[in-house]
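Student: sequence-free structure coming up:
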Ligand code: NAD
């Protein structure tokens, strides 16, 4: 069995206590199937206890000065960065991503804690011109209350801090439900919060192999005032509907179908590098990963050849090996989805440029794949593949590219490469997406508002806008002056 870092206590964390349970579930290493740990399999009852603990911790937490909360967040940030290597290794073990990417995610995840430690002190209200000479209008910004955070397995650390850091900064306690595939990183990060001095009940983590019972409590309990979810669109829709019963404020960071458009005036070498980062990072298991390449006719063949030459160099292997660019997929279901999309595209006339099948290493390793000559009737045009498959579509005009890019119910991230100044403005304005990267393959940063339009979600995370998601405005009318 792998040695796990000593900052990991493999138990749930409720009301400042590490809690065991009668039943447990196994967390496994996707690179080899080994069991890493057995952790408590909780249900509705323990979740209600966690909500009660959070509610109990709320009055004292919100009364702390912003500076006190900021100092605790800063201590948590330092603790995370002091344990960057241990956290990265743990993340690679349970999630599979290359160790260099895990180190990057620890730094990225920690950056939200650092940013909101600073932002905690800037949660300003306002005074407004009043509607009468004897009146004054004040607007207070107040913490919303108990926050529930449900997170996916593809970013086991950053999706937690992106929600919890602004919630805590605003004065809200949190109950976290990490993904069943990757709860260990979440528990280690909660342990570091405890060691950094965050008070009991302010951070709680409930773990479970079957999320529905926990989700039911977190979406229907009236003590939970904000439900913040990151995951797939079908699950998000269901949980959003469950939130309606208590008119809970909800944030939804959901699926994407990102286009990556290459125009004929693009710097093709830069576009290829951007494509590699945007498509094959985390083995293609990122919500902002390119799902469709749209390439203009004049440069189509050159781009596909250059991309294929570069993709063939990507080293597949265990994420713990330095130099590996692509680890295993998270599970067999993920492999099957990629295989289905490939089979469908090839059956309908797609041209395989490289890859195309499970990797010779076995398990859930998959060959980085490119399919050219894809068309709108293929499943890859509409569905999120969430794996290392790059389908390349062809287009003629700018208008056609924008129309193809927008022909999806999703609207998270879009990428394009071009040089012409007017084209860049027109295309950027035409894209119905929450985030657009121009001549760039990676756009996530704590400094900018992350989020999607259409069925990619509601709300934003990161930047000052991320703090607003955890606050309510209170308008106070002062009269008789
Ligand atoms: P998922 O929807 O299957 O699961 C996400 C989380 O929801 C997990 O913790 C899971 O246990 C939980 N869950 C599932 N059913 C639930 C229920 N009934 N009640 C409560 N919780 C429940 O998604 P996933 O497979 O873990 O993640 C991949 C998806 O997440 C992709 O669609 C990806 O695009 C999306 N994603 C989006 C963003 C973003 O910021 N927009 C970021 C990362 C991932």
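Tutor: Received it, and whenever you're ready, just let me know what you need. None of the values given here were measured: they were computed from a predicted structure.

Student: What's the separation between residue 480 and the ligand?
Tutor: From residue 480 over to the ligand the distance is 48 Å, taken as CB to the nearest ligand atom, to the nearest Å. C-betas here are computed from N, CA, C, even on glycine.

Student: repeat for residue 176
Tutor: Residue 176 sits 10 Å away from the ligand, going by CB to the nearest ligand atom.

Student: That residue in helix, strand or coil?
Tutor: Under DSSP: H, G, I helix; E, B strand; the rest coil, residue 176 falls in the strand class.

Student: check contacts around it.
Tutor: Counting by CB atoms under 8 Å, 6 or more residues apart in numbering, residue 176 touches 149, 150, 151, 160, 164, 186, 190, 203, 204, 205, 206.

Student: What average pLDDT does stretch 346-353 get?
Tutor: Across stretch 346-353, the average pLDDT comes to 97.

Student: what does that stretch contact?
Tutor: In contact with stretch 346-353 (CB under 8 Å, 6+ apart) are residues 304, 307-308, 342, 356, 369-375, 377-378, 391.

Student: Same question for stretch 401-413.
Tutor: So stretch 401-413 is contacted by 233, 254-259, 261, 263, 287-288, 292, 294, 296, 376, 381-382, 384, 393, 395, 414, 416, 427, 430-437, 443, 451-457 (CB under 8 Å, 6+ apart).

Student: Restricted to helices, list the contacts of stretch 346-353.
Tutor: Among the contacts of stretch 346-353, the residues falling in helices (DSSP state H) are 304, 307, 308, 342.

Student: ok, of those residues, which one's closest to residue 76?
Tutor: Among those, residue 307 lies closest to residue 76 (CB to CB), at 40.7 Å.

Student: Pull the number of nearby residues for the closest one.
Tutor: 25 (other CB atoms under 10 Å).

Student: what does the stretch 151-300 of the chain put close to the ligand?
Tutor: With CB under 6 Å from any ligand atom as the criterion, the stretch 151-300 of the chain meets the ligand at residues 151-155, 159, 177, 179-180, 211-212, 214-215, 230-232, 235, 239, 253-256, 287.

Student: where in the stretch 1-150 of the chain is pLDDT low?
Tutor: 1 (pLDDT under 70).

Student: in it, what residue is nearest the ligand?
Tutor: residue 150 (4.8 Å; CB to the nearest ligand atom).

Student: next one: the chain
Tutor: For the chain, CB to the nearest ligand atom, closest residue to the ligand: residue 215, 2.0 Å.

Student: ok, back up a step: looking at the contacts of stretch 401-413, which are in helices?
Tutor: Judged by DSSP H, the subset of the contacts of stretch 401-413 located in helices is 233, 381, 382, 427, 430.

Student: got the contact list for the first one?
Tutor: Pointing back at residue 233 there. So residue 233 contacts 254, 255, 410, 455, 456 (CB under 8 Å, 6+ apart).

Student: ok, now the last one?
Tutor: Under the criterion of CB under 8 Å, 6+ apart, the contact partners of residue 430 comprise 402, 406.
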